[in-house]
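[1] Predicted model and sequence follow; I will ask about them next.
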Amino acid sequence: MHRYAKPRSVEEALSLLGAGEWRVLAGGTDFYPAQGVRPIREAILDIGGLGELRGIAHEGAYWRIGATTSWSDVARAALPTAFSALHEAAREVGSVQIQNTATVAGNLCNASPAADGVPPLLVVDAEVELRSVRGSRQVPLAGFILGNRRTVRAPDELVTAVLVPDTSLGGRSAFVKLGSRRYLVISIAMAAARVELDALGRIANAAIAVGACSAVAKRLSGLERALVGLRPCTVRDLVAAAELAELSPIDDVRASASYRRDGAREIVARAIGLACQASGEARAA
């Protein structure tokens, strides 16, 4: 028999998760399209009304993004400049109606290779907070998503927040999305870049992530290391020749693997360029 519960507190939600098997529902923007016209046969735990899980705040050494925070909330939030890529991605998550409803945690838990929110969070070393009646734990986002529609979340655990450490918030970031049209499209490829420049205008630190070009969005650690010490004007040639070995694009209805790899090089170069430009303008101001 179908069950539906809408807990009034996180503790009640955790108690229900610990006592049985539930499908967690927040914004529902992935759940309902996938469900279609079929009857719902799963037990649904609706956490959309838990206000304590919504909002963005600076707490201690972390910025805390609550699990049910919407993408519109993210787009409007006053955040450090390292979050610029996340701001930009928030405006690319579907239509305004979707952005008003879809949640940050839902984007991660749905574990789509084309989830727009993942690369911008990877470049700021985001961690996922998981709670259950057994306790809580923090998992690096890079290890939270295991593959297409798979995460490390246990059946009795609830994602309660995304945590970003202050130590990862240097420099500026940018997000570039490649799709078949400008708006309302699933990504063919997407890239986020966070760059810090030194006093001489050279790249002192870089974090680069690409989505939709492998089963899980990936940090490009080899390219990150190669960028250190370079002047921004030399980046495009380096990226054009980069192997991007971390990526494993596939052929599908949206693009071929070779197009994705070529597209990834181009949007990575653009994202780095935009982040460097923003960093340079900040230094000159």
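    Now that the structure is in, tell me what you want to look at.
[2] for this protein, longest helix please?
    Longest helix of the chain, by residue count under DSSP state H: helix 257-284.
[3] From the chain's centroid, how far away is that helix?
    Relative to the centre of its chain, helix 257-284 is centred 17 Å away, using C-alpha atoms, centre = their mean, to the nearest Å.
[4] buried residues in it?
    260-261, 263-276, 278-279 (16 or more other C-beta atoms under 10 Å). (Glycine included, C-beta is placed from N, CA and C.)
[5] what about the helices in the stretch 101-250 of the chain?
    104-109, 118-122, 141-144, 221-227, 235-241 (DSSP state H, counting those that start in this stretch).
[6] highest average neighbour count across the ones you listed?
    Greatest average neighbour count among the helices of the stretch 101-250 of the chain goes to helix 118-122 (a mean of 29), per mean count of other C-beta atoms under 10 Å.
[7] what sits up against it?
    Residues from elsewhere that reach helix 118-122, judged by C-beta atoms under 8 Å, 6 or more residues apart in numbering: 83, 85-86, 88-89, 107-108, 141-142, 145, 162, 164, 173, 175, 190-192, 207, 209-211, 217, 219.
[8] Give me the nearest residue to residue 126, chain neighbours excluded.
    Closest residue to residue 126 apart from its sequence neighbours, by C-beta to C-beta, 6 or more residues apart in numbering: residue 141 at 4.4 Å.
[9] wait, I meant residue 13
    Per C-beta to C-beta, 6+ apart, closest to residue 13 is residue 7, 4.1 Å.
[10] same thing with residue 228?
    Spatial nearest neighbour of residue 228, excluding adjacent residues (C-beta to C-beta, 6+ apart): residue 203 at 5.8 Å.
[11] can you check residue 162 too?
    Excluding the flanking residues, the one nearest residue 162 by C-beta to C-beta, 6+ apart is residue 65, at 4.4 Å.
[12] distance of residue 73 from residue 79?
    In this view, residue 73 and residue 79 are 11 Å apart by C-beta to C-beta, to the nearest Å.
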